[in-house]
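[1] Structure for this input, please:
(one chain, ligands or ions: 1)
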Amino acid sequence: MRYISTRDTDEPPRYFTFVDAVLEGLAPDGGLLVPETFPSVSDSEWVLWKTLSYPALCAAVLRKFISPEEISDAELQTMIESAYSKLSGWRDDRIAPLSQVGAIQVLELFHGPTYAFKDVALQLLGQFFDFALRKRNTRMTILGATSGDTGSAAIAGVKGRSNIDCVILFPLGKTSKIQELQMTSNLEPNIHCLAVKDSVFDDCQSIVKSCFNDQVFNDEMNLGAVNSINWSRILAQVVYYVYAAARVDGPVSFVVPTGNFGNMLAGYYARKLGSAIPIKSLIIASNSNDILPKFFTSGNYTVTGHVVPTMSPSMDIAVSSNFERYLFDLWKRDPRIVAEKFEQLKTNKSFSVTQDELEKARCEFFSFAVDETKTLHTIAHVFDKNGYLLCPHSAVGYRAAEQFLVSPEFAGETVVTLATAHIGKFTENILNNLQDGGDDKLITAIANSVPSGLAKLREPGVKLRRTDIDNSMEAVKTYMRTHIGK
Ligand SMILES: *Cc1c(COP(=O)(O)O)cnc(C)c1O
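    Just a heads-up that it's a prediction; the model follows:
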């Protein structure tokens, strides 16, 4: 199995191995790495797959995308077992259990160490990094910016590893208290939490980008990225769609609370594995940051650069980076079109697709935007009817699922919506919005929803390690040169 860039116009293109894809993230031409050809699953394989445990199924899915010459069966199995073990912080050995909530099934992806679905991918990415670095006898420095969930999940994936340093930037005072504690309570010497003073997330992101673009510094530190453009993150997420499809009867449709489109893309790739796996509709659920629903309505992909803050901050994005991988398929895998359109996006902040392409895209995805009022209402009525608490991101998905099922064409279908985080991470967001008019029973339930693993971070005496740093690339570089690799 080889990988190619979505923007590589050379003939033949440059080929990447799976390990290259893990270590490099972005292709040198600015494109994203995708499999050269797409594997498929036969009917008889599917019969077997339906009986497998999560780790065994994960090995079977990954095997389709990684050559045995690169990673042997035994090596793959060891990495998967470590990534999804109790020791790594998983609280449910099904990893992705389904829960029936009213007419809709909820795929709970928040039973990992940091209580958000990003653990599913980042636990495995930590294993892959370690494997690749040992093989190449080298070390790396992970550098990332976070507005919340990615930072703690990345830290949980690599803490304590001797060949990786991990530097995470976040805007001081702008993440939720719990999210900050989830990062700064890690005292392992290879973890560095930098709270950037007087900054917003975009400042942190731009410092990170400048560091990556400084080739001398990049080589010196051997920088690595953990954002969701990394192919192995997408691959790890394909597994839970297949796992869920194996556990329901007949065809299943998936609803995905979407930001960067990484999670939804994994569902699309799961369906692309072939008709043996009965995955039907794929439904994108956005919050008020609705660049994708707008695309599916108009055929125009337009970046306003303006992000509306919501109760579901992990979906507050201006661009959906991973959408490029889907567009590559929509444009019949022609890298010239991808390169041209994304060049256009840089200058005009917008590009469009043809009417035929839009129609095809509309056959492949449904999309709904869910505003803050509907999100709150969904949290309240799902609790009232079913006694189940959804986090704001998951509520956006649940509401989109309800809207999908209203259509007579789809009524009665099996719909699985992804719950991407535990409500206990976002209680403050919801309670601040519920202030007036909230039902007492609901308010009490939300306040009591914080699991002990998160509550204990607030106890007095918890040791924290955090460095406050100036909002400048030079300050970050100086910190890294002083503290890393020593
Ligand atoms: C990251 C995140 C999302 C968005 O996922 P994408 O892959 O970026 O679309 C949704 N919900 C939560 C809780 C997240 O942390």
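[2] what about dumping the CA coordinates of stretch 43-51 to CSV?
    Coordinates of each C-alpha in stretch 43-51 appear next as CSV, following Å, rounded to 0.1, in the frame of the first residue of the first chain:
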residue,chain,number,x,y,z
ASP,A,43,-18.7,-10.6,1.8
SER,A,44,-16.9,-13.5,3.5
GLU,A,45,-14.4,-11.1,5.2
TRP,A,46,-17.4,-9.1,6.5
VAL,A,47,-19.0,-12.2,8.0
LEU,A,48,-15.7,-12.7,10.0
TRP,A,49,-15.3,-9.0,10.8
LYS,A,50,-18.8,-9.0,12.4
THR,A,51,-17.5,-11.4,15.1
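[3] tell me which residues of that stretch are tucked away?
    Judged by neighbour count (16 or more other Cβ atoms under 10 Å), stretch 43-51 contains these buried residues: 45, 46, 49. For the C-beta atoms, the positions are set from N, CA and C on the backbone; glycine is no exception.
[4] need the residues of this structure near the ligand, please.
    Taking Cβ under 6 Å from any ligand atom as the measure of proximity, the chain contacts the ligand at 116, 118, 149, 228, 257-263, 314-315, 393, 420-421.
[5] Neighbour-wise, which one of the residues you listed leads?
    Going through the residues of the chain next to the ligand with other Cβ atoms under 10 Å as the criterion, the one with the most neighbours is residue 258, at 34 neighbours.
[6] what residues are up against that one?
    The contact partners of residue 258, taken as Cβ atoms under 8 Å, 6 or more residues apart in numbering, are 264, 284, 285, 286, 292, 315, 320.
[7] need the residues you listed in JSON lines with secondary structure, can you?
    Formatted as JSON lines, the entries for the contacts of residue 258 read as follows, by DSSP: H, G, I helix; E, B strand; the rest coil:
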{"residue": "264", "secondary structure": "helix"}
{"residue": "284", "secondary structure": "strand"}
{"residue": "285", "secondary structure": "strand"}
{"residue": "286", "secondary structure": "strand"}
{"residue": "292", "secondary structure": "helix"}
{"residue": "315", "secondary structure": "helix"}
{"residue": "320", "secondary structure": "coil"}
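[8] In helices, which of the buried residues of stretch 43-51 fall?
    45, 46, 49 (DSSP state H).
[9] okay, now residue 468: neighbour count?
    Residue 468 is surrounded by 10 other residues when neighbours are defined as other Cβ under 10 Å.
[10] Report the beta-bridge partner residues of it.
    residue 195 (DSSP bridges).
[11] pretty sure residue 397 contacts residue 257?
    Yes. Under the criterion of Cβ atoms under 8 Å, residue 397 is in contact with residue 257, at a separation of 4.1 Å.
[12] shared neighbours of the two, which are they?
    Contact with both residue 397 and residue 257 is made by residues 285, 417, 418, 420, according to Cβ under 8 Å, 6+ apart.
[13] quick one: the residue of the stretch 51-200 of the chain at minimum distance from the ligand from residue 349, how far?
    Distances between the stretch 51-200 of the chain and the ligand by Cβ to the nearest ligand atom are smallest at residue 149, namely 3.5 Å. From residue 149 across to residue 349, the span is 27 Å (Cβ to Cβ, to the nearest Å).
[14] Please apply the same query to residue 290.
    16 Å.
[15] what about those two, which has more around it?
    More neighbours surround residue 290 than the other of residue 290 and residue 349, with 19 against 12 (other Cβ under 10 Å).
[16] give the contact list for that one.
    By Cβ under 8 Å, 6+ apart, the residues touching residue 290 are residue 369.
[17] Which pLDDT value goes with it?
    pLDDT for residue 290: 94.
[18] Likewise for the one 5 residues further on?
    Here the pLDDT value assigned to residue 295 is 97.
[19] swap in residue 298?
    Per-residue confidence (pLDDT) for residue 298: 97.
[20] show me what contacts it?
    Contacts of residue 298 by Cβ under 8 Å, 6+ apart are residue 352.
[21] same thing with residue 91?
    If a contact means Cβ under 8 Å, 6+ apart, then residue 91 has 111, 112, 453 as its contacts.
[22] burial of the residue lying closest to the first one once chain neighbours are set aside, as a residue count?
    Spatially, and ignoring its direct neighbours in sequence, residue 111 is nearest to residue 92 (4.1 Å; Cβ to Cβ, 6 or more residues apart in numbering). Summarising burial for residue 92: neighbours were counted as other Cβ under 10 Å, giving 13.
[23] Just confirm residue 92 contacts residue 110, I think it does.
    No. Using Cβ under 8 Å, residue 92 is not in contact with residue 110, being 9.6 Å away.
[24] Please work out which residues outside stretch 324-332 touch it.
    By Cβ under 8 Å, 6+ apart, the list of residues contacting stretch 324-332 reads 6, 31-32, 34, 234, 261, 265, 268, 335, 337-338, 341-342, 353, 357, 360-361.
[25] Would you check how far apart residue 354 and residue 331 are?
    Here residue 354 is placed at a distance of 10 Å from residue 331 (Cβ to Cβ).
[26] where do the strands sit along the stretch 1-150 of the chain?
    If you assign secondary structure with DSSP state E, counting those that start in this stretch, the strands in the stretch 1-150 of the chain sit at 3-5, 33-35, 98-101, 104-108, 140-145.
[27] Ok, the stretch 151-300 of the chain next?
    All strands of the stretch 151-300 of the chain, identified by DSSP E, counting those that start in this stretch, fall at 164-171, 191-196, 223-224, 252-257, 279-286, 300-302.
[28] Quick one: closest of the strands of the stretch 1-150 of the chain to residue 439.
    Checking those against residue 439 by Cβ to Cβ gives strand 98-101 as the closest, at 18.2 Å.
[29] what about this protein, any weak spots by pLDDT?
    Per-residue confidence for the chain (pLDDT under 70) gives these ranges: 435-437, 486.
[30] circling back: can you report phi and psi for the residue nearest to residue 111?
    phi -140, psi 120 (degrees, to the nearest 10).
[31] Could you check how far the residue lying closest to residue 17 once chain neighbours are set aside is from residue 61?
    Using Cβ to Cβ, 6+ apart and skipping residues adjacent in sequence, the residue nearest residue 17 is residue 70, 5.8 Å away. When distance is defined by Cβ to Cβ, residue 70 is 16 Å away from residue 61.
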